[in-house]
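K.L.:
Here is my input; please provide its structure:
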Amino acid sequence: MRKTSTILLLIVTYFVIFFLQANVFHGFTIAGVMPNLFVIYILFIGLSANVMTGISFGVMGGLIIDLIYGKTIGITALMLCVVGYLGAYFDRNFSKENKITIIIMVAISTIIFEVGYYAISSIILKFDVEIFYFVKILLIEVIYNILLTILFYPMIQKTSYSIDRTFKKNNILTRYF
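P.N.:
Residues are numbered from 1 along each chain as shown. Below is the predicted model:
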């Protein structure tokens with residue numbers, strides 16, 4: 001029951017983030033670049049829940065984004081799937097306790113998402129690759145995502161621990177009894 005309510009809460013949170021991304025952050029651009037809240041959100045689901053939950057939320061969330069805003073269907077879903085898997089990989093190999101580690105994870109995830117999205121889009125849509133323009137946008141978005149992660153870190157960390165306890169059942173007492 002607790003896992004079901006947590007999943008429902010994650011779905012509601014996804015739509016709140018979707019609303020913020022679509023409506024609020026259009027007014028808070030830096031050089032015309034918005035943060036990508038979905039990368040941060042899916043990364044933290046992958047870090048907190050498990051690999052299947054991260055991948056599932058990445059694919060489903062990406063498909064919703066692609067259906068509403070995308071020129072092609074599947075690119076955002078694929079790249080958010082990669083971010084969900086990356087979150088689970090980071091969870092297995094790195095500590096989530098250090099804020100610097102989290103910031104590096106967000107930066108790496110944002111770079112992988114954007115480079116993959118741009119590369120796949122350029123192949124499918126057959127447009128000219130403009131490296132300088134892309135790198136400029138990428139750097140601004142990475143910095144923006146890092147700043148938002150730092151700003152919301154206490155809330156993200158508290159929620160992350162709750163999700164971690166629900167999905168992984170790694171409480172010390174339940175391991176031995």
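K.L.:
hey, where'd the helices end up in this structure?
P.N.:
2-19, 37-48, 51-69, 75-93, 99-125, 131-168, 172-176 (DSSP state H).
K.L.:
Need the winner for burial among those helices.
P.N.:
Greatest average neighbour count among those goes to helix 37-48 (a mean of 26), per mean count of other C-beta atoms under 10 Å. Using the backbone N, CA and C atoms, a C-beta is placed for each residue, glycine as well.
K.L.:
Find the least confident helix or strand in the chain, judged by mean pLDDT.
P.N.:
helix 172-176 (a mean of 40; mean pLDDT, DSSP states H and E).
K.L.:
on that earlier part again, out of the helices of the chain, nearest to Phe25?
P.N.:
Proximity to Phe25 (C-beta to C-beta) singles out helix 37-48 among the helices of the chain, at 7.3 Å.
K.L.:
Per-residue pLDDT of the residue most central in space within the chain, please?
P.N.:
With distances taken as C-alpha atoms, centre = their mean, Val39 lies nearest the centre of the chain, 2.4 Å away. pLDDT recorded at Val39 is 96.
K.L.:
before we move on, what about Val83?
P.N.:
97.
K.L.:
That one and Phe57 touch, don't they?
P.N.:
No - the criterion here is C-beta atoms under 8 Å, and Val83 misses it with Phe57 at 9.7 Å.
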